[in-house]
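Q: following is a predicted model, sequence given first.
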Amino acid sequence: MEQKHVSIAPSPAFVGASWTALLTGVTAYIIGLWNAEMQLNEKGYYFTVLMFGLFSAISVQKAVRDQIEGIPVTNLYYGIAWFCTLLSIVLLTVGLWNADLLRSEKGFYAMSFVLSIFSSIAVQKNTRDQRIADREKEEVITTNKPAAPTRISTTIIS
């Protein structure tokens with residue numbers, strides 16, 4: 001039995017909500033770091049953990065999606081992507097656990113980190129779904145395009 005893949009483009013509301021969540025999470029995290037009373041190396045650590053987490057979460061989403069769509073993904077890459085995602089969460093947790101911050105600040109960083117990671121996955125998924133939908137729409141238009149009119153020349157002999 002042949003299984004047909006039907007793609008559905010994400011709604012503009014979901015795309016907007018995903019981007020808003022990503023920008024809110026990343027902006028809040030960075031503003032929190034900017035205003036924090038900690039050494040510059042600590043700020044760099046937390047910023048690097050955020051960027052590492054965003055990249056690794058997107059890598060996991062891409063690897064999972066590639067496998068679902070039948071695109072080959074090596075077990076090594078798949079494992080590294082998951083390991084890095086979990087490592088970024090562990091690094092943030094250990095950093096916050098040992099930080100000399102109020103519990104409310106620790107919670108703020110944790111929640112903005114989680115929001116950023118989750119929304120980055122949603123944005124990446126939406127981007128990929130939209131591209132697939134656009135490609136399929138182009139194929140339908142190209143396939144259903146009427147043939148170019150042929151020019152019929154007539155010669156009148158008098």
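A: Sure thing, it's come through.

Q: helices or strands up against the helix or strand where Phe118 lies?
A: With elements taken from DSSP states H and E, the one containing Phe118 is helix 103-143. With contacts defined as 3 or more Cβ pairs under 8 Å, 6 or more residues apart in numbering; DSSP states H and E, the secondary structure elements packing on helix 103-143 are helix 12-35, helix 40-68, helix 75-98. Just so you know, the C-beta spots here come from the backbone N, C-alpha and C atoms, and that holds for glycine as well.

Q: look up how far Gln61 lies from the residue nearest in space to the middle of the chain.
A: Among the residues of the chain, Gln124 comes closest to the average C-alpha position under Cα atoms, centre = their mean, at 2.2 Å. Distance of Gln124 to Gln61, computed by Cβ to Cβ, to the nearest Å: 5 Å.

Q: can you check Gln39 too?
A: The gap separating Gln39 from Gln61 is 34 Å, by Cβ to Cβ.

Q: quick check: angle from the helix holding Phe118 to helix 75-98?
A: Here helix 103-143 runs at an angle of 150 degrees relative to helix 75-98 (axes from the mean of the first three to the mean of the last three Cα atoms, to 10 degrees).

Q: any idea of the angle helix 103-143 forms with helix 12-35?
A: Taking the same axes, to 10 degrees, one finds helix 103-143 and helix 12-35 inclined to each other by 150 degrees.
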